[in-house]
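Student: Next come a sequence and a model predicted from it.
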Amino acid sequence: DSNSQQDSWKNWISNIEQNHKELFQWLLNQFDIKTIEWYKKKELLEEAINNPGKLLGVLSELQLRIEQFEQGLKPSLDQLEKDNYTLFKWLLDVFEINNFTLQKNDTLANNMKDAQKLFAVFKKIQESDLSLKTEIDQLQKTKPQLFNSLLQCFEISPNYWASENLEKKMRDHKVLFGVFAKLSQYSGANYQQQQNCQQKIEDLAKNNQFLFNYLLKSFIISENLPPNQQKQQLEIKLLDPILSVQAFSNFYDHCKRLNTQLQDTKDSENAMRQELEKLQKEKRSVSYYEDKMQELEAENEALKKKSGEMFATLSRQNRNETTTITSDNSRRQRDTLISEFQTLASQDFKRITVQIFNYLILINPELQNNRKQEEAKIRSILSERILIAGFNWITEKNSVSSESNLWITKAKEITQLITQDLFQQSTGNISKEIIESLENLTQKGLKLVKDIINDQPPGELWIEPKGKNFNPDKHEPIIGCEADGLILYTTYPGYRTGSRILEKAIVFTVPKSETNPPTNDVEITSNIGETNTESSDISLSSKLISAADKVKGLNEKGMSDQNIASKIVVSSQTVSNWKKGESHPSKDNAEKLDQLYQEFCGKSSNLENNSSTNEEQKIFSGVVSRQYGTQLYNSPKQSDICHGNFKNLHDLVSFDKWTEGEKVTVFENQTPNSDNIWLKVADTDYWIPRAHIRLDQELS
């Protein structure tokens, strides 16, 4: 059937074209088909095979070549055995002919003429070739160093076609045998090296067991093997260049790490040695200063004792008949009281003042710039709270014992008021040392005041109102102040009996030219500091609204008594007394209250006409919640500080605007709290971060 035969030839040619490209190309050459188009080649080849004339011509030529091959095959094999016995031996092995067979050349020639045997050998070689390519690809992936070594042996560049070129050269028996010959020569040349290696390993196992064990570990050789096997495996791996390079590369890396650690240790040792020398020098310095401090403290105690005696002597010498009590029965008691009164001022008050000031500058470092005045202010508060207010309390309750619970409770109450005056906060947030020092000073001061009251005739303590002219007969300026001008603070009260002055009041003065001296004076809830004389200085007729009405008006605007007290720097009880009409503010505090009232309730005295002022200006307020107070800033950035402007803890601040700015982080109970909102201080260009403020209402 011509159609089925034609289909068979088509399938056969397609199979040859797909699976045996070299045979397909050979057929094209035999039938002299040279077209470029590939599908045309198959059609032309099919036509040629179906053409009896062309097919017989090709077969005749092929038969002639086979006959020529058969005639020359035997001499070629004889010559191959002489010239290249290795290749000849390989052919014997491939055709499975024993090397000792008689007339093995004839047998090999006959087998090569046998088409069936020849195709079987070709199949075996093809399978071997396929496995070779697979092995080369696997070698390149798993053992790249060995693969590169083979490339060097076959003189192949390591490029993209390296594996393909290696496969071709390994299939070329001449090239392959040349490489084997080269390796054989190399092995022969290294035979002596192998012998030396064995001897070195033997010597190492005998004389340096540590290094021998290290080599076993480096080349991953089990220590449980018999010694001879260990040596043999070590020799094999040492002679393997790739394994040797890997092992000694690891050894080099290990040594490098050790050297780095050694250098780090040396550097650390040098740094520690330098630090030790520095600490030794500091220790010597500390020891020197400790000894010096002990000497100075001893000298200071001696000077204190001597100065107390000198003050007492000087006081006695300066007395005369017009200023000194002459009763023989009271002379000794009064001298003792005067000495204790002087010591309380020169030692106890001074010590606690320094302690409080050092704490305050931690909260507000700017206080350091005006230290003398700030310390005078602290002493004036201590004098008013402990000595003057205590004098009034003991006068009312003269029978109270200094050992009673009421006495201890009063001391704690006075301490609480002092901390509110100085720090604008309760004793809960003040250091324990300061609280204990204040309580001890209060009890000591109250006891002295009680003895002065019980003296015969009874003594009296007094302080001068602020703004009074200096009188050298009644006043003594603190060191650094002129004995002239106006009194700003009474830092220690005067001591008198009737009209006779036993100790002058110690005062802090300012020149009369300073009509408005800077002050952060506090308001005392007792009668001291709010006498009828000072209250009368405030002309109520000059104000359209009384202090009580102003406080009530501020309450209606959402400000509590505590907020008002924080703003004016007085106690909340004082503000409550103003509201009830039980006392009146001093001149300074009246001005502060009036300013606060104008700020929140408008400048007009008519509350009804100005009730909507804050709403129109969108004023909102809050108090400083940051423990150390807050700076004022020129813009919403922490770096843009307005030096010289500061708000203390619990200060009430009014704002008229808010915006987003630089994020500020504060810690509340050791928990970080971040906020990027900044508040503009009303009627100013200054800003405060909201993180430092506790607002009275939410922002809108």
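Tutor: Structure received.

Student: Can you pull the phi/psi pair for the closest residue to residue 566 other than its chain neighbours?
Tutor: Ranked by C-beta to C-beta, 6 or more residues apart in numbering and with sequence neighbours excluded, the top spatial neighbour of residue 566 is residue 650, at 4.2 Å. To be clear about C-beta, it is placed using only N, CA and C from the backbone, and glycine gets the same treatment. Per-residue torsions, residue 650: phi 70, psi 0 (degrees, to the nearest 10).

Student: what's the spacing between residue 650 and residue 564?
Tutor: 11 Å (C-beta to C-beta, to the nearest Å).

Student: average model confidence for stretch 145-158?
Tutor: Averaged over stretch 145-158, pLDDT sits at 84.

Student: do stretch 599-607 as well
Tutor: Here the average pLDDT along stretch 599-607 is 56.

Student: cool, and stretch 55-67?
Tutor: Mean per-residue pLDDT for stretch 55-67: 74.

Student: now stretch 22-40
Tutor: Model confidence over stretch 22-40, given as mean pLDDT, is 78.

Student: how about that stretch: buried residues?
Tutor: Neighbour counts using 16 or more other C-beta atoms under 10 Å place 24, 27-28, 30-31, 33 of stretch 22-40 among the buried residues.

Student: Residue 336: which of those residues is nearest?
Tutor: Nearest to residue 336, judged by C-beta to C-beta, of the buried residues of stretch 22-40 is residue 24 at 135.4 Å.

Student: For the closest one, give its distance to residue 41.
Tutor: Counting by C-beta to C-beta - residue 24 and residue 41 are separated by 8 Å.

Student: helix/strand/coil for the spatially closest residue to residue 418 that is not a sequence neighbour?
Tutor: Leaving aside its chain neighbours, residue 418 sits nearest to residue 385 (5.0 Å; criterion: C-beta to C-beta, 6+ apart). For residue 385, the assignment made with DSSP: H, G, I helix; E, B strand; the rest coil gives helix.

Student: now the host helix or strand of residue 421: how far from the chain's centre is it?
Tutor: Under the criterion of DSSP states H and E, residue 421 resides in helix 405-423. Between the centre of helix 405-423 and the centre of its chain there are 42 Å (C-alpha atoms, centre = their mean, to the nearest Å).

Student: And for stretch 667-678?
Tutor: So, by C-alpha atoms, centre = their mean, the centroid of stretch 667-678 is 17 Å from its chain's centroid.

Student: ok so, going back, for the residue nearest to residue 566, the count of nearby residues, please.
Tutor: By other C-beta atoms under 10 Å, the residues close to residue 650 number 20.

Student: just residue 196 next, same as before
Tutor: Neighbours of residue 196 (other C-beta under 10 Å): 11.

Student: any idea whether it is helix, strand or coil?
Tutor: helix.

Student: Residue 159 now?
Tutor: Look at residue 159: counting by three-state DSSP, its state is coil.

Student: and the top strand by length along the chain, which residues are buried?
Tutor: Secondary structure of the chain read by DSSP state E shows that its longest strand is strand 652-668. Neighbour-count burial for strand 652-668, counted by 16+ other C-beta under 10 Å, picks out 652-655, 658, 661, 664, 666.

Student: can you give me the helices in the stretch 601-700 of the chain?
Tutor: 613-617 (DSSP state H, counting those that start in this stretch).

Student: go on, the stretch 251-400 of the chain?
Tutor: Counting by DSSP H, counting those that start in this stretch, the helices of the stretch 251-400 of the chain are 328-343, 350-363, 371-382, 389-396.

Student: any idea of the mean pLDDT in the second one?
Tutor: So that's helix 350-363. 89.

Student: repeat for the longest one
Tutor: Mean per-residue pLDDT for helix 328-343: 73.

Student: Repeat that for stretch 84-94.
Tutor: 75.

Student: returning to what we had before: count of neighbours near the residue nearest to residue 418?
Tutor: Neighbours of residue 385 under the rule other C-beta under 10 Å: 27.

Student: likewise the one 3 residues further on?
Tutor: Residue 388: 22 surrounding residues under other C-beta under 10 Å.

Student: and if you look at residue 568?
Tutor: Neighbours of residue 568 using other C-beta under 10 Å come to 24.
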